[in-house]
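**Q** Test case, fold it:
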Amino acid sequence: MKEVRVRFAPSPTGPLHIGGVRTALYNYLFARKHHGKFLLRIEDTDQTRFVPGAENYIIESLQWSGIQFDEGVHIGGPYAPYRQSDRKEMYHQYAMQLINNETAYYAFDTPEELEALRKDFESRKETFQYGPQTRMGLRNSLTLSENDVKTLLEAGEHYVIRVRIPDHETIVVQDLIRGLVSVDSHLLDDKVLYKSDGMPTYHLANVVDDYLMKISHVIRGEEWLPSAPLHVLLYRYFGWEADMPEFAHLPLLLKPDGNGKLSKRDGDRLGFPVFPLRWTDPKSGEVSSGYRESGYLPEAFINMLALLGWNPGTEQEILSMDELIELFSIDRVGKSGSKFDPEKAKWFNHHYLSALPDEKIAGLLGKILIDKGIDATPVLILSVCPLIKERANLIPDLWEQSWFFFTPPVSYDEKVVQKFWKPETPALLNRISDLLKKQDDFSTDALDIAIKSFIHDNELGMGLVMNTLRLVLVGGSFGPGVAAIISVLGKKEAQSRIEKAIAYLGN
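**A** Take a look at the predicted model:
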């Protein structure tokens, strides 16, 4: 088997969709599994769709995700440059090679002429296609004399170079996921390969670069499957069939209801991110949320994406990057689309977040506190972490589950007050405050025993006392165990909150 060399080749036309990250991930896993090379190539031949900042966004997104490259636009390599606009001078010779072997031709038709043809076909309820059935009636080097073509080129006439699709030939694509795919060439059109502005189109640049960069496998999205017959044809036209890569076209990511492809436009409209990082559109200023900023860990994000279209053949769902590399194989990638489940994404993140050491949770929570201008000691932050990490799905949940440890409540849940606050409550709370004052051991276990003994000895209702204590400590009926809350707050702060609640609610 020749050396495995795969590439991820996005266009810098906007933010990187999570489907693109999954494509990069599968290429990365495949390369690492087979001890091959993985490169990042930026395909920016369509300058009209170029979006400033998109290339850097792509690189940052993949770096955050933990997907590493061996060669690429950002790190260089033996086949540099890896940005197609930096390679444009070389594509002309390959376009001319096709012209010379008569597998491509010059076309001088104007956009207006082509539009008129489309409308004419539409009026007859037909679809115009520039190809074997129509090209001999159009303005191109197949119908013009050699002198006329030369004159037009010397005059600087606008032209494109089109591939010459054979008439009624079966073109076969061997796909590693879908098996044998056969297409009749009459269904294909004579795609533009090169434009007179000196820029190749995707099809020419893609095939040329894959050949020159010795790409062994092209693993890309299903949306490129219709282009595969043309690419196979180009390998034949160039005489590169022996070096043609193997193809694998990945299934689509579908909306949660399974109704259609999960698109960039779905974004926050469906209530969850579809981009790895937050993206601000440079033209409109519109902001789209990202997984990083929404509080997902990259390990959880990658684990979730890996299982959308591929399965390890076992029931195991939690898989590290190393485990994914070891288990990954193309033959376990499915053909049908995979429904994206936003709740499952949170489930993955909850697992990874709750499995972090308390010290790392403290680092995450500490950053949130700094952003909120809250000065808390490292000891306090660390003591809170084991109480909240099982309750958090996303990083921002760490604050939602712990704010009351760092700032006392300024209001109290009215429903909880109505249910548990009785005329005798202030006196009861004063007695509990005295109990805390006398307590030397402020560990959670010791406090739990002391409070429950007090309840039992005074024949009080467990629910009434515990829920009332929780109310005055945090402002409602949420949070970890009452004894644990008191232990973390400490004697002075717990008594202070009891006193404030009596003063506020006692009236």
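
**Q** can we go C-alpha only for contacts and neighbour counts from here?
**A** Noted.

**Q** can you give me the strands in the stretch 51-200 of the chain?
**A** Applying DSSP state E, counting those that start in this stretch to the stretch 51-200 of the chain gives strands spanning 71-72, 104-107, 160-163, 170-175, 179-184, 192-195.

**Q** Which of those strands sits closest to Glu424?
**A** Of all these, strand 71-72 sits nearest to Glu424, with 72.4 Å by Cα to Cα.

**Q** quick revisit: need the strands of the stretch 51-200 of the chain in TSV (columns: mean neighbour count and distance to Thr143).
**A** Output for those, formatted as TSV (neighbours: other Cα atoms under 10 Å; distance: least, Cα to Cα, whole Å):
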stretch	mean neighbour count	distance to Thr143
strand 71-72	21	43
strand 104-107	23	10
strand 160-163	24	14
strand 170-175	16	26
strand 179-184	14	24
strand 192-195	22	17
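
**Q** I'd like to know how far Phe328 sits from Leu39.
**A** Noted for Phe328: a distance of 18 Å to Leu39, by Cα to Cα, to the nearest Å.

**Q** should've said Ala228
**A** The gap separating Ala228 from Leu39 is 21 Å, by Cα to Cα.

**Q** about what we covered before: so which of the strands of the stretch 51-200 of the chain gets nearest Asp243?
**A** Nearest to Asp243, of the strands of the stretch 51-200 of the chain and by Cα to Cα, is strand 170-175 at 14.1 Å.

**Q** which of Ala228 and Leu39 has more neighbours?
**A** Leu39 (27 against 21; other Cα atoms under 10 Å).

**Q** Which elements pack onto the helix or strand harbouring that one?
**A** Take DSSP states H and E as the rule and Leu39 turns out to sit in strand 37-40. Contact here means 3 or more Cα pairs under 8 Å, 6 or more residues apart in numbering; DSSP states H and E; on that basis strand 37-40 packs against strand 5-8, helix 18-33, strand 71-72.

**Q** Can you tell me which of those is most buried?
**A** Counting by mean count of other Cα atoms under 10 Å, strand 5-8 has the highest mean neighbour count of the helices and strands packed on strand 37-40, with a mean of 25.

**Q** Let me see the mean pLDDT of that strand.
**A** Strand 5-8 shows a mean pLDDT of 98.

**Q** now swap in stretch 443-462 and tell me
**A** The pLDDT scores in stretch 443-462 average 96.

**Q** One more: stretch 275-282?
**A** Mean predicted lDDT for stretch 275-282 stands at 96.

**Q** For the stretch 151-300 of the chain, give me the ranges with low pLDDT.
**A** Of all residues in the stretch 151-300 of the chain, none has pLDDT under 70.

**Q** got any ranges where the stretch 301-450 of the chain has weak pLDDT?
**A** In the stretch 301-450 of the chain, no residues with pLDDT under 70.

**Q** which residues in it form helices?
**A** Shown for the stretch 301-450 of the chain, the helices assigned by DSSP state H, counting those that start in this stretch span residues 321-327, 342-354, 358-371, 378-388, 397-400, 403-406, 414-420, 425-438, 444-457.

**Q** Just send those helices back as CSV, with mean neighbour count and distance to Arg162 too.
**A** Shown next, in CSV, are the helices of the stretch 301-450 of the chain (neighbours: other Cα under 10 Å; distance: least, Cα to Cα, whole Å):
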stretch, mean neighbour count, distance to Arg162
helix 321-327, 16, 41
helix 342-354, 19, 44
helix 358-371, 17, 55
helix 378-388, 18, 62
helix 397-400, 18, 56
helix 403-406, 18, 64
helix 414-420, 13, 73
helix 425-438, 16, 85
helix 444-457, 15, 77
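
**Q** As CSV, those helices with distance to Leu277 would be great.
**A** Converted to CSV, the helices of the stretch 301-450 of the chain look like this (distance: least, Cα to Cα, whole Å):
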stretch, distance to Leu277
helix 321-327, 20
helix 342-354, 15
helix 358-371, 18
helix 378-388, 26
helix 397-400, 19
helix 403-406, 26
helix 414-420, 39
helix 425-438, 48
helix 444-457, 40
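
**Q** Of those, which is nearest Leu233?
**A** Leu233 lies closest, by Cα to Cα, to one member of the helices of the stretch 301-450 of the chain: helix 321-327, at 32.9 Å.

**Q** coming back round to it: give the pairing partners of the strand holding Leu39; include direction for each.
**A** In the sheet, strand 37-40 lines up against strand 5-8 (parallel), strand 71-72 (parallel) (DSSP bridges).

**Q** Kindly state the pLDDT recorded for the most centrally placed residue in the chain?
**A** Of all residues in the chain, the one closest to the mean position by Cα atoms, centre = their mean is Ile18, 2.7 Å from it. Per-residue pLDDT puts Ile18 at 97.

**Q** quick one: contacts for it?
**A** The neighbourhood of Ile18, defined by Cα atoms under 8 Å, 6 or more residues apart in numbering, consists of 274-276, 305.

**Q** The same query, at a cut-off of 10 Å, please.
**A** 24, 61, 253, 262-264, 273-277, 290-291, 301-302, 305 (Cα atoms under 10 Å, 6 or more residues apart in numbering).

**Q** Now intersect those with the strands, please.
**A** Counting by DSSP state E, the part of the contacts of Ile18 found in strands is Leu253.

**Q** Kindly give a single PyMOL line that selects the buried subset of the contacts of Ile18.
**A** To isolate the buried members of the contacts of Ile18 in PyMOL, using 16 or more other Cα atoms under 10 Å:
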select buried, resi 24+61+253+262+264+273+274+275+276+277+290+291+301+302+305
